[in-house]
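Student: Make a model of this:
(chains A and B)
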Amino acid sequence: MKGAVFLIERELSKAKRYKFFIAMRFTWFAVQVAVFGVVMSRMVTISRFYDFYLVGVYSSILFTLSVFISYEILEEAEDGLFEYFLSLPMGRWEFVMGRSVGCAISSLTYTIPMLLLVLLLLGNLNPFSVALALLSSLLFAIGISGIVITFVSLVKSSDVSDIIFGAVDAILVRLSTAMYPLSAMPSYYKLPSIANPITHLAEFLRYILSPDIFSYTCFEPPGSAIAFLLGFSVSAFMIGILVFERKVEGGGWR
Amino acid sequence: MAFVEIINITKYYGKNPAVNGLSLSIEEGEIFGLLGPNGAGKTTTILMLATVIKPTAGTAKIGGYDIVKEPDKVRNLLGIAFQEPKSTWVEKPIEVVEWHGRICGLRGQELKDRVKDVMERLEIWDQRNKFFYQLSGGNRKRVEVAKVFVQRPKFAIFDEPTSQVDVLGKHAIWDMIKELRDSGSTVMLATNDTNEADIISDRVGIIYEGKLVSSGAPSELKDRIPGGDILEIQLDVPPDERIVNQLSSIEGVSRVLSENDVLRMYLNRGEELVPAVLDSISRFGAKIRYMKMKEPSLDDVFLYFTRERG
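Tutor: Residues are numbered from 1 along each chain as shown, chains lettered A, B, ... in the order given. All right, here's what the predicted structure looks like:
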């Protein structure tokens, strides 16, 4: 377990180097909610679409950042660090846990200014709601990070990973309830959207941060959304351990 | 008693064997030099021992633990300084070395003292707060080996620890590797620098095309060359095949190598054969520019065993 803790600590120590990146993403987010969100909510007739949009855009940016941060394992592999980590005195499960949780906490940390802005705009600063929002976001980010790290370590190719994650990012955000409710989707988009973790994060956040909008967009009780997120992060972690134990080796990066 | 036992280990990348049925053992508390040309399989062997890659066949035991069946236990025993320094460009040497010490179980003042002592001896203490990208290649290498010296593992692996390091730095690293051995660690040193292997190894194994071709103490390996004396002769013209054949036929000459205008002859009782050698050369009308006799170096041993199979 100590190995995982040290990996998490190492991941977090990198955060200070990303202050410009965080400022840039926050600026993008602020412009998005101040301009795009406002204009869109005037065009969409659903009541309180702006609140709906705020939570959705936060969910999608947390997804994108989780992928981006976890993706750094590619850069580390090119610097040769991957072999170093695999040689350290810790189990592969500690490596998967340390990297997944470390990347997830980093991603969450980078999005905290955005979450705060969302909370302010929604007018909900209830500590219990905030704590639940952070917890669900962390579960989601752990799952995404675990999948990205495992996939990238297995594929060992920045070209292949770039193509796949570029496509996955575009598809997952759009085939979710981040930007529009499930009821507005054609039936053939509904099934993939229901299986999409971004949907469940967005739904759960709406329930705890703004129950009014949840009441007319929901398709599942909040308990099942959080159960999905928990199952998703645990599954990603277990798959990561299995793959790392059996398949992942150092060397061979392209 | 063998601390490391490599048993018929093989690693294929696709259809190509990088290591092919390698077996050797390393005694507890010795420095074992793994010597081989580029691409011989040294780094692949090391990565298998470090449990970073998995053998295609065979296995190894380190401190009694099997690298395939008990990799977690093996990793608790070893520390490795990689051929290419392992760090991101925006890390600082002090962060890299301290973090390594902590993940290997060191804490508090002991960690601080060891880090300072090692970094001072390697002359990188003054560079400790620079970013990695600001360091020279030699200093990056020093940071890489510093991690293992701070850790003091039971089994230390160094992969070309002094490449890019200046002469003073090389001697400091060699001294520290010997001290590590003296403090009880078993050391594997992979290198293609025969001088380095000769100076600090208790035993040397020569690996070529993924196979062990010879092993023993450096002095034993030198004695193992048929024709332990080496006579080097530079002629005024490149020696043709007839001269080489004539010299090879002299009784007591075990091998003649020709490179440009230099002949390298491996002889038994070299001093007794010099007259016959001179006579043979003069018969072909060639003139001698210089001639020298020397004891074989590990370079010669290396060349002998690798060219024999090349």
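
Student: Let me know the secondary structure of residue B:199.
Tutor: helix (DSSP: H, G, I helix; E, B strand; the rest coil).

Student: And the residue nearest the centre of the chain?
Tutor: Reading this off chain A. Note on chain A: the residue nearest the mean C-alpha position is residue A:63, at 3.1 Å, using C-alpha atoms, centre = their mean.

Student: right idea, wrong chain: chain B
Tutor: Chain B, centroid-nearest residue using C-alpha atoms, centre = their mean: residue B:191 at 2.7 Å.

Student: So that residue is in contact with residue B:197, correct?
Tutor: Yes. If you go by C-beta atoms under 8 Å, residue B:191 and residue B:197 touch, sitting 5.4 Å apart. C-beta coordinates here come from the backbone N, C-alpha and C atoms, glycine included.

Student: and residue 67, what is it in contact with?
Tutor: In the absence of a named chain, this looks at chain A. By C-beta atoms under 8 Å, 6 or more residues apart in numbering or on different chains, residue A:67 lies in contact with A:144, A:148, A:165, A:168-169.

Student: wait, chain B
Tutor: Contacts for residue B:67 (C-beta under 8 Å, 6+ apart) come out as B:48-49, B:51, B:55, B:59-61, B:74.

Student: that older thread, what's the overlap in contacts for residue B:191 and residue B:197?
Tutor: Both residue B:191 and residue B:197 are in contact with B:33, B:35, where contact means C-beta under 8 Å, 6+ apart.

Student: Near chain B, which residues of chain A are found?
Tutor: Counting by C-beta under 8 Å from any C-beta of the partner chain, chain A comes close to chain B at A:2-3, A:6, A:10, A:13-14, A:17, A:75-76, A:79-81, A:83-84, A:86-91, A:249-252.

Student: again, only this time at 10 Å
Tutor: In this structure, chain A approaches chain B at residues A:2-3, A:5-7, A:9-10, A:13-14, A:17, A:72, A:75-76, A:78-94, A:98, A:245-252, judged by C-beta under 10 Å from any C-beta of the partner chain.

Student: Quick check on those residues: which are buried?
Tutor: A:3, A:5-7, A:10, A:72, A:76, A:79-94, A:98, A:248-251 (16 or more other C-beta atoms under 10 Å in any protein chain shown).

Student: count of residues packed around residue B:220?
Tutor: Other residues near residue B:220 come to 13 when the count uses other C-beta atoms under 10 Å in any protein chain shown.

Student: the bottom helix or strand of the chain by mean pLDDT?
Tutor: Answering for chain A, as no chain was given. helix A:211-217 (a mean of 68; mean pLDDT, DSSP states H and E).

Student: should've been chain B
Tutor: None of the helices or strands of chain B scores lower by mean pLDDT, DSSP H and E than helix B:298-309, at a mean of 76.

Student: can you pull out the strands in chain B?
Tutor: Assigned by DSSP state E, chain B shows strands spanning B:2-13, B:16-27, B:31-35, B:57-62, B:65-66, B:78-81, B:155-159, B:186-191, B:203-208, B:211-216, B:229-235, B:253-259, B:262-267, B:288-294.

Student: Let me know which of those strands is the nearest to residue A:235.
Tutor: Judged by C-beta to C-beta, the one of the strands of chain B that comes nearest to residue A:235 is strand B:65-66, at 30.6 Å.

Student: Residue A:188 should be in a strand, yeah?
Tutor: No. Per three-state DSSP, residue A:188 lies outside any strand segment and is helix.

Student: Next, work out how far apart it and chain B are.
Tutor: For residue A:188, the distance to chain B (C-beta to the nearest C-beta, to the nearest Å) stands at 42 Å.

Student: picking up where we left off before, in a markdown table: the contacts of residue A:67, plus pLDDT, neighbour count and secondary structure.
Tutor: What follows is those, written out as a markdown table (pLDDT from 0 to 100; neighbours: other C-beta atoms under 10 Å in any protein chain shown; DSSP: H, G, I helix; E, B strand; the rest coil):
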| residue | pLDDT | neighbour count | secondary structure |
| --- | --- | --- | --- |
| A:144 | 94 | 29 | helix |
| A:148 | 91 | 27 | helix |
| A:165 | 86 | 20 | helix |
| A:168 | 87 | 15 | helix |
| A:169 | 86 | 15 | helix |
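
Student: mind listing what's buried in the longest helix anywhere in chain A?
Tutor: Across chain A, the longest stretch assigned as helix under DSSP state H is helix A:92-122. Neighbour-count burial for helix A:92-122, counted by 16+ other C-beta under 10 Å, picks out A:92-111, A:114-115, A:117-119, A:122.

Student: what does stretch B:10-17 give?
Tutor: Buried positions in stretch B:10-17, judged by neighbour count with 16+ other C-beta under 10 Å: B:10-11, B:17.

Student: Could you export that stretch as CSV, CA atoms only?
Tutor: Extracted in CSV, the C-alpha atoms of stretch B:10-17 (Å, rounded to 0.1, in the frame of the first residue of the first chain):
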residue,chain,number,x,y,z
THR,B,10,15.2,-16.8,-23.0
LYS,B,11,13.5,-13.8,-24.3
TYR,B,12,12.1,-13.5,-27.8
TYR,B,13,10.9,-10.3,-29.3
GLY,B,14,8.7,-11.6,-32.1
LYS,B,15,10.8,-14.3,-33.7
ASN,B,16,14.1,-12.8,-32.7
PRO,B,17,15.8,-14.1,-29.6
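
Student: Now do the same contact list for residue A:62.
Tutor: A:104, A:107-108, A:110-111, A:114-115, A:137-138, A:140-141, A:144, A:198, A:201-202, A:205 (C-beta atoms under 10 Å, 6 or more residues apart in numbering or on different chains).

Student: picking that back up, let me know the closest of the buried residues of stretch B:10-17 to residue A:226.
Tutor: Distance to residue A:226 across the buried residues of stretch B:10-17 (C-beta to C-beta) is lowest for residue B:11, with 45.7 Å.

Student: now chain B, which segments are flagged as low pLDDT?
Tutor: B:226-227, B:308-310 (pLDDT under 70).

Student: on that earlier part again, looking at neighbours, which among the contacts of residue B:67 is most surrounded?
Tutor: residue B:48 (27 neighbours).

Student: Just give the nearest non-adjacent residue to that residue, would you?
Tutor: Computed as C-beta to C-beta, 6 or more residues apart in numbering or on different chains, the closest residue to residue B:48 that is not its neighbour in sequence is residue B:55, at 5.2 Å.

Student: quick one: that neighbour and residue B:9 touch, right?
Tutor: Yes. Using C-beta atoms under 10 Å, residue B:55 is in contact with residue B:9, at 5.0 Å.

Student: what does the stretch 51-200 of chain B have sitting close to chain A?
Tutor: B:51-54, B:71-80, B:82-91, B:95-96, B:99-100, B:102-105, B:132, B:144, B:147, B:151, B:153, B:157.

Student: buried subset of the residues you listed?
Tutor: Neighbour-count burial (16+ other C-beta under 10 Å) applied to these gives B:51-54, B:71, B:73-80, B:82-88, B:91, B:95-96, B:99-100, B:102-104, B:132, B:144, B:147, B:151, B:153, B:157.
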